[in-house]
Every structure is written in structure tokens, then in C-alpha cells.
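Novice: no sequence for this one, just the structure:
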DNA sequence: CCAAAAGTGTTTATAGTACACCCATGC
DNA sequence: GCATGGGTGTACTATAAACACTTTTGG
């Protein structure tokens, strides 16, 4: 079987989708990376990504990439930015549409796809050298995340179904890169009405056990429908 | 001279850049449109846009489009969103990177390019039927504009070098779609320190003449360097 | 009983909101 | 002198920020 050839009357760039998926392990923010099997940048770590297929929307491509390369599915992702400098890929002109998303690292068992050596979570403050302009992509995603977390309950997507308020605060501090006042944080976050307290407490901790809370999805939907702009910090 | 052919081993989409340029005429927000000369959507109004060239960055493409199709130059534009539904162009798969920008309508004399019948400003609330998914692009740009105007001094780019505070307020009201209190608006906008009052007043108005103000570019640069997050509303 | 983190309330400062009267100008 | 829009200040309310002690738990 000979390779098919696609012809156009004008030069066409290739278009890829790359995904910046953030995860939180209770202490640090991590980002999902895959180790490349093939050139260019073989052996290098990179964001999961793939060429957009002809009949596939950009959103669908992002979903497919995560499924194929990391075995992750059912994740909400949103478009971040499109990177299109002419020299960003050594092979040919490649324009990349970056998507970002948030998950609980514990929800998925990462399985690398056929074109990847491995897939893993890596801490933001000790990233390896990355392929292409993927470092810039992560930077852009972080900026967006820091802006977003102030008015959208992203935090909840990164934490377990049940979590304590100090855990939530730790997440916010990790994202914002600064410490917050415990009392004010609790007051503010509870005032949104988006958290419901569970009867359950932490166990086996060498200090007073914290209550678990859960994110009230229903309440969130309702607030969004009413068009309320909620400030979280 | 026969047409050149470009060949690839995988299907490649075409990539375009479309520009949503907002202008303000003192009363309404307008958007810059061109009337298409050729198919598809010949005669229809559309956003200025063009195919990305091989050695051209996306930003550069946006600049080129505005120059060629409308004779506008020296405008700051920023990337908005990338539209990539498979069916958005009847010819072939076309992915479009949308850019947005803000200008004073009076700063430019619009001259349509060779592939456009005309270029003109059109009011947002009475747009014609537009080519492709350009209506959705304008909607997205408006949402972004409404968010942006709350913390970035976009208003100043849309107004003349000198403007009165009531004019500025009218602009904000046009963008946000609601009325603001005159006294509070003045207080808030002056408290940023970004406006310097000029000695000059309005002339030939049948009421008390308003003072002109100018945007203090230097002050703005300084505030941005200090990383101050300024709320404008 | 000690270390470590959870939980809780009050005070102060700052920012937002609502609101009414006088002023300058052209006709 | 009248209609039109420009300019100004104050009181009230709500939100943000600062801050210290008591409680629970495991070791």
C-alpha cells in the first residue's frame, strides 16, 4: 500500500492540538506530560498532542488526544490559545491550538499510547526541558489559571469529590503562589454556598480532624443560570 | 504559468486569520466589515480575513489583513479564539484564528482591497447576514470585550486622543449595555490616575462645556510594570 | 503532655452605592 | 430665561483585611 498524497493549490500548514492538563496531588500542582517516542524531540517530554483530523472539531481532537495518549476521558477542556510562530516545529509549518483542563490525578490511571514512551504527572517547578514551545504553552496556561480561579470554581475539579477546606486552601495557595488567611478563606469560600459539609471527618491525622466538604454541583448550575458573577477570592 | 501544487502525506486544513475590529463613533460601537467580491459568500459582508502565509506568524497575518483589506495600520490586536468546526467553510476544512482590536473610527480612512467590494463600519445592533461563522466570532469578541473593559483601559484606544469624561462614560455604557452613575463613574475613572485633564473645553455645545482629558500612557506603562491589577469598574 | 493543624469572631479600613443641587452654554 | 447636559460631595452599606485563642488528635 503506497502512501496517499494530498494536494492543494496553496501551501497549507499542519494543525495540531496540544493539551495542558493540570492535576493536584494535595500538595503541588502538576501537569500531564508524555515522553515522545519519535522525532523530532524523541525521548523529550512534551504535552500530549496530535494533528487535527479532517472531520474532527478542535474540541474533539483534544478529547481524542487525551484518550489515546494518556487514557484519560470525560475531562472538561477549554481552548487556551493558538501558537503559530513559523519556526515552532522543525519539520514544517505547524500551528498548534492549545487546550487546557483540570483533573484529580487520582481519578485516572495514566497509560501511554503507542507513540509515547510514557505518560506522567510532573511538578510545575521542576519541569524537564520540553519539546517545541511547550514550555511557553504551560506558562500561558498558568496565567489563565491564575486569572480564572478568582471567579470560577476550578478548584473543585482538581480535588477529590470530598475534601477539607484546608486542602482547598492549599490548592488555591499552590495556584496563586501565595499564602492566604485561614479564617478569611473559609469565610469567603463558604459564603458562595457552593460547599456542603459532610458528616465525615479526616481520620488518622495527628491533629484535630477536619470535616469533609463536597462541591454542590446543583447549586453551581443554578447560580450560573441566574448569571451571578461569583468572586471566589 | 501553470498553478503550483503543494503536496503533503496527510490532509492539511487551510488556516485563516479573521479580525474583529471595534470602533466607536461617539454613540455606538461599530465593527469593521468588508463586502466580499468572490465566492463563497460573494456580495456578503464578512470580517476582514485571509489565509495565513507560510512564513508569517498569526499576529503578522492579522496586521497584513487589516492593511490590505481596509488600509488600516498600526493597530494593536490580540488573539481571541480559534474557530475550527469542520463545516464552517463550504470549500474545504478551514480553521480560523480570530483576532480582535480597537480603534478610533476617525483615525483611518477605509480603503477596500482588491478582493473586497467595500469596507465599512457597521453598528453592532443592526448587522447584516454575515459570511461563514463570522457572527459567532463577533459574539465571542463582544463577550471578551465586556470582560476586558473592567480591568484594562481599552476605552482609551477607542476614543480620540482627547475626550470628555461623559464621552468615555457613553463608551462604557455602550459596551456594557447598561447605564452608569455619572458621579461614581467619574470618581472611579479618575482614581486610576490614568487621565490627565487638559485646559481645553468642548465648544459650541448648548450646555456647560466639558473639559477634555487625555490618557496618560506613561502612567499606564508604569502601573503595568508594577504589576498593579487595576479595576476600572 | 506535647506538637500540629482545625476551627472560630471581632474590629478596622476600604470600596461601592445611592442620591440632589448648582453651573455654564446656546438658542 | 429656559433647556440641556456638566460638574461636585456626602452618608450609608457592604466587603476586605488583619488578627489570637481554643480544640482535637496521635504519638
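Specialist: That came in fine, so what should we check first? What you see is a predicted model, and the numbers here were worked out from it, not measured in a lab.
Novice: Can you say which helix or strand has the spatially most central residue of chain A in it?
Specialist: With distances taken as CA atoms, centre = their mean, residue A:21 lies nearest the centre of chain A, 2.4 Å away. Assigned by DSSP states H and E, residue A:21 falls within strand A:14-24.
Novice: which residues touch stretch A:165-181?
Specialist: By CB atoms under 8 Å, 6 or more residues apart in numbering or on different chains, the surrounding residues in contact with stretch A:165-181 are A:24, A:26-29, A:145-146, A:149, A:155, A:158-159, A:182, A:185-186, A:189-190, A:195, A:210-211, A:213, A:233. Quick note: C-beta positions are derived from backbone N, CA and C, even for glycine.
Novice: Quick one: end-to-end length of stretch A:35-47, please.
Specialist: One end of stretch A:35-47 to the other measures 9 Å (CA to CA, to the nearest Å).
Novice: same question for it, mean pLDDT?
Specialist: The average pLDDT within stretch A:35-47 is 96.
Novice: for stretch A:164-180, same thing?
Specialist: For stretch A:164-180, the mean confidence score works out to 91.
Novice: Is that stretch in proximity to DNA strand D?
Specialist: No. Using CB under 7 Å from any atom of the strand, we find that stretch A:164-180 stays clear of DNA strand D, coming within 8.6 Å at best.
Novice: buried stuff in that stretch?
Specialist: A:164-165, A:167-172, A:174-175, A:180 (16 or more other CB atoms under 10 Å in any protein chain shown).
Novice: out of the residues you listed, which are inside helices?
Specialist: A:165, A:167-172, A:174-175 (DSSP state H).
Novice: Residue of chain A nearest DNA strand D, please.
Specialist: residue A:208 (3.0 Å; CB to the nearest atom of the strand).
Novice: and that residue, that one's in a helix?
Specialist: No. Counting by DSSP: H, G, I helix; E, B strand; the rest coil, one finds residue A:208 to be coil, located in no helix.
Novice: Residues touching the longest helix belonging to chain A, excluding its own?
Specialist: Criterion DSSP H: the longest helix present in chain A is helix A:134-148. Contacts to helix A:134-148, defined as CB under 8 Å, 6+ apart, come from residues A:18, A:20, A:22, A:31, A:46-47, A:80-81, A:83, A:96, A:98, A:100, A:124, A:127, A:130, A:154, A:175-177.
Novice: Which other helices and strands does the helix or strand following that helix contact?
Specialist: For helix A:134-148, the following helix or strand on the C-terminal side (DSSP H and E) is helix A:155-158. Using 3 or more CB pairs under 8 Å, 6 or more residues apart in numbering or on different chains; DSSP states H and E, the elements in contact with helix A:155-158 are strand A:14-24, strand A:94-104, helix A:165-176.
Novice: One more pass at 6 Å, please.
Specialist: helix A:165-176 (3 or more CB pairs under 6 Å, 6 or more residues apart in numbering or on different chains; DSSP states H and E).
Novice: what about the helix it packs on, near DNA strand C?
Specialist: Yes. Residues of helix A:165-176 contacting DNA strand C under CB under 7 Å from any atom of the strand: A:165-166.
Novice: what's the angle from that helix to helix A:134-148?
Specialist: 130 degrees (axes from the mean of the first three to the mean of the last three CA atoms, to 10 degrees).
Novice: and the closest residue to residue A:98 other than its chain neighbours, how many residues sit next to it?
Specialist: Using CB to CB, 6 or more residues apart in numbering or on different chains and skipping the chain neighbours, the partner closest in space to residue A:98 is residue A:80 (4.4 Å). By other CB atoms under 10 Å in any protein chain shown, the residues close to residue A:80 number 22.
Novice: near DNA strand D, which residues of chain A show up?
Specialist: Residues of chain A lying near DNA strand D (CB under 7 Å from any atom of the strand): A:181-184, A:188, A:201, A:203-209, A:231.
Novice: ok, and the most crowded of those?
Specialist: Tallying neighbours with other CB under 10 Å puts residue A:188 at the head of the residues of chain A next to DNA strand D, with 14 neighbours.
Novice: From residue A:153, how far off is it?
Specialist: 12 Å (CB to CB, to the nearest Å).
Novice: likewise residue A:174?
Specialist: Residue A:174 sits 16 Å away from residue A:153, going by CB to CB.
Novice: Next, find the distance separating residue A:103 from residue B:116.
Specialist: With CB to CB as the criterion, residue A:103 and residue B:116 are 46 Å apart.
Novice: For stretch A:172-183, measure first residue to last.
Specialist: Termini of stretch A:172-183 sit 14 Å apart (CA to CA).
Novice: Run the chain-centre distance for it.
Specialist: Centroid displacement of stretch A:172-183 relative to its chain, using CA atoms, centre = their mean, to the nearest Å, is 19 Å.
Novice: Repeat that for stretch A:96-111.
Specialist: With CA atoms, centre = their mean, you get 5 Å for stretch A:96-111.
Novice: Residues contacting it, please?
Specialist: By CB atoms under 6 Å, 6 or more residues apart in numbering or on different chains, the list of residues contacting stretch A:96-111 from outside reads A:16-23, A:25, A:58, A:62, A:70-72, A:75-77, A:79-83, A:119, A:121, A:137, A:141, A:154, A:157-158, A:160, B:82.
Novice: Can you say which of those residues are buried?
Specialist: Among the contacts of stretch A:96-111, those buried by neighbour count (16+ other CB under 10 Å) are A:16-23, A:58, A:62, A:70, A:72, A:75, A:77, A:79-83, A:119, A:121, A:137, A:141, A:154, A:157-158, A:160, B:82.
Novice: excluding its backbone neighbours, what's nearest residue A:24?
Specialist: Residue A:24 sits nearest to residue A:158 (CB to CB, 6+ apart), 4.1 Å away.
Novice: how far away is the one you found from residue A:28?
Specialist: Residue A:158 is 11 Å from residue A:28, by CB to CB.
Novice: hmm, back to that, from the contact counts, what lies against the host helix or strand of the residue nearest to residue A:98?
Specialist: Taking DSSP H and E as the definition, one finds residue A:80 inside strand A:77-83. Counting contacts by 3+ CB pairs under 6 Å, 6+ apart, strand A:77-83 is packed against strand A:94-104.
Novice: my guess is residue A:156 meets residue A:215, correct?
Specialist: Yes. Counting by CB atoms under 6 Å, residue A:156 sits close enough to residue A:215 to count as a contact (3.9 Å).
Novice: These two - which one has more neighbours?
Specialist: residue A:156 (22 against 19).
Novice: Quick check, pLDDT for that one.
Specialist: So residue A:156 comes in at 80 (pLDDT).
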